[in-house]
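Engineer: pasting the sequence and the predicted model now:
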Amino acid sequence: MALFDEDFLKRLEALRLAARRRVGTVREGDRLTTKRGGAALFHSYRPYVQGDDVRLIDWPLYARLGQLFVKESAREEALRLHLVIDASPSMRGAKLEFAKRLGAAIGLIAAGDGGEVVLWGEAPRTLSGDALLRAIETMPGGPPPLKRLKTATRPLAVVISDFWDDVRADLAAASGGQLSLIRVLGRDEIDPPARGMVRLADSETREVVDRFVGDEELKAYRRLLEEDERGWREWAHQREVTFVRCAADEPIEKVLMLYLRGEGVIE
C-alpha cells in the first residue's frame, strides 16, 4: 500500500528541513549548511587583498567610497538527514505505521531539497525517493540503533519512537549535531479507556498480569506519564534537543505543519 497520495507529495515539496546548528552535509560532513565561496548567493563584503579575483570587486561601491571591497558569497549545502524509526515490539501496530509514514514524509522533505537520507536499521543505508519509501515500508522489527549514531559527524538526526525505554545515554551518541525526538503514543496510552479487571501485557517482556483498574489507578498512571514526559522535556531542553509528542491517530500533515514546523524542525 502506498504511504502517500500524489496531492500529499506535492504539498511536501513546499517544505524543507531547518538546520539551526552545525550539522553534517552531503558534500562536507563537518561544515555549516552554508559556506562562503560557493554559488552566487551574496553573503557579505570584505576589503580587497592582493590575490583576490578582481571580478569579485564591487566597482560601484569603490566609486562611492574610494576603497576596494570584494563580495563574498554563500553556498547552501544539501543536508544529510539521519533517520531512525523505532520498530521494537512496543511500537508494533498503529504506532509503527504512523512512525513509518511520518519518517517517510520527513525523509522526502530532506531528499526533495537535494539532501540525502541515511535510514538507520541493521545497517545504515543512504536512500531517496521510491527506494526510501520501499525501505521504510518493509523495514524489519527491532530496537533503534542509537549508539551507532556516534559514527556520524555532527548528525542532523530525527528519532521517532515511543521512548518508553530510557535511551538517553544512547542518544548522547548524537551530540554535536542537531537532534529531534518525536514521541509517538497510542491514544489508549495517552488516555487509557480500561476499567475494572483487565489483563495487561508488556510488549517487550511479554509478561502478563491481571489487575483491577479504577479511577485511582488511572490517576496514578497519568501522573507517571506526565513525570516521564517532563523528564524527557527537561533532558532535551538542557541539550538543545527538540522533543515533540504526538498521537498515532493524528493527521501526518498536522504533525508536520503544526508541531514540527512550530518547533523549527522544518520550515
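Structural biologist: That came through fine. Computed from a predicted structure; not experimentally measured.
Engineer: for the chain, where's the lowest mean pLDDT among helices and strands?
Structural biologist: strand 34-47 (a mean of 52; mean pLDDT, DSSP states H and E).
Engineer: show me what the helix or strand that comes right after that one is packed against.
Structural biologist: The helix or strand immediately downstream of strand 34-47 is helix 59-65, counting by DSSP states H and E. Helix 59-65 is packed against no helix or strand, with contacts defined by 3 or more C-beta pairs under 8 Å, 6 or more residues apart in numbering; DSSP states H and E. The C-beta positions use only the backbone N, C-alpha and C, and glycine is treated the same way.
Engineer: would you agree Gly121 is in contact with Thr138?
Structural biologist: No - Gly121 lies out of contact with Thr138 (C-beta atoms under 8 Å); the separation is 10.3 Å.
Engineer: neighbour-wise, which of those two wins?
Structural biologist: Set Gly121 next to Thr138 and count neighbours by other C-beta atoms under 10 Å: Gly121 wins out with 17 against 8.
Engineer: secondary structure class for the closest residue to the more buried one other than its chain neighbours?
Structural biologist: Nearest-residue entry for Gly121: Met139, 5.7 Å, with adjacent residues in sequence omitted and distances by C-beta to C-beta, 6 or more residues apart in numbering. Taking DSSP: H, G, I helix; E, B strand; the rest coil as the rule, one finds Met139 in the coil state.
Engineer: what do you get for Ala157?
Structural biologist: strand.
Engineer: going along the chain, name the strands of this protein.
Structural biologist: 34-47, 69-76, 80-85, 116-120, 125-127, 156-161, 178-185, 196-201, 208-213, 242-247 (DSSP state E).
Engineer: might you report the residue contacts of Ala87?
Structural biologist: By C-beta atoms under 8 Å, 6 or more residues apart in numbering, the contact list for Ala87 reads Leu96, Ala99, Gly121, Met139, Pro140, Gly141, Gly142, Pro143, Pro144.
Engineer: what about 6 Å?
Structural biologist: Leu96, Met139, Gly141, Gly142 (C-beta atoms under 6 Å, 6 or more residues apart in numbering).
Engineer: burial count for Ala173?
Structural biologist: Around Ala173 there are 19 residues (other C-beta under 10 Å).
Engineer: then Ala169?
Structural biologist: Count around Ala169 with other C-beta under 10 Å applied: 9.
Engineer: and it, how far from Ile57?
Structural biologist: The spacing between Ala169 and Ile57, counted by C-beta to C-beta, to the nearest Å, is 54 Å.
Engineer: and stretch 257-266, end to end?
Structural biologist: Stretch 257-266 has its terminal residues 8 Å apart, counting by C-alpha to C-alpha, to the nearest Å.
Engineer: kindly report the same for stretch 246-255.
Structural biologist: 7 Å.
Engineer: what's that stretch in contact with?
Structural biologist: Ala94, Lys95, Phe98, Arg101, Leu102, Ala105, Val184, Gly186, Arg187, Ile190, Tyr259.
Engineer: equivalent analysis for stretch 173-191, please.
Structural biologist: Residues contacting stretch 173-191 (C-beta under 6 Å, 6+ apart): 21, 23, 95, 98-99, 147, 149-150, 154-160, 162-163, 241-245, 247-249, 265.
Engineer: show me which of the residues you listed are buried.
Structural biologist: 23, 95, 98-99, 149, 154-160, 162-163, 241-245, 247-248, 265 (16 or more other C-beta atoms under 10 Å).
Engineer: touching, Trp120 and Val84? I think so.
Structural biologist: Yes - taking C-beta atoms under 6 Å as the definition, Trp120 is a contact partner of Val84 at 4.7 Å.
Engineer: can you list the buried residues in stretch 183-194?
Structural biologist: Arg183, Val184, Leu185, Gly186, Glu189, Pro192.
Engineer: how far does it sit from the chain's center?
Structural biologist: How far stretch 183-194 lies from its chain's middle: 22 Å, per C-alpha atoms, centre = their mean, to the nearest Å.
Engineer: let's see that stretch as CSV, backbone CA atoms only.
Structural biologist: Only the C-alpha atoms of stretch 183-194 are listed here, as CSV (Å, rounded to 0.1, in the frame of the first residue of the first chain):
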residue,chain,number,x,y,z
ARG,A,183,7.4,10.6,20.6
VAL,A,184,4.6,8.6,19.2
LEU,A,185,2.0,7.3,21.6
GLY,A,186,-1.2,5.4,21.0
ARG,A,187,-4.4,7.2,22.0
ASP,A,188,-5.0,4.4,24.6
GLU,A,189,-1.6,5.2,26.1
ILE,A,190,-2.4,8.9,26.5
ASP,A,191,-5.9,8.3,27.8
PRO,A,192,-6.4,4.6,28.8
PRO,A,193,-10.1,3.5,28.4
ALA,A,194,-9.7,0.4,30.6
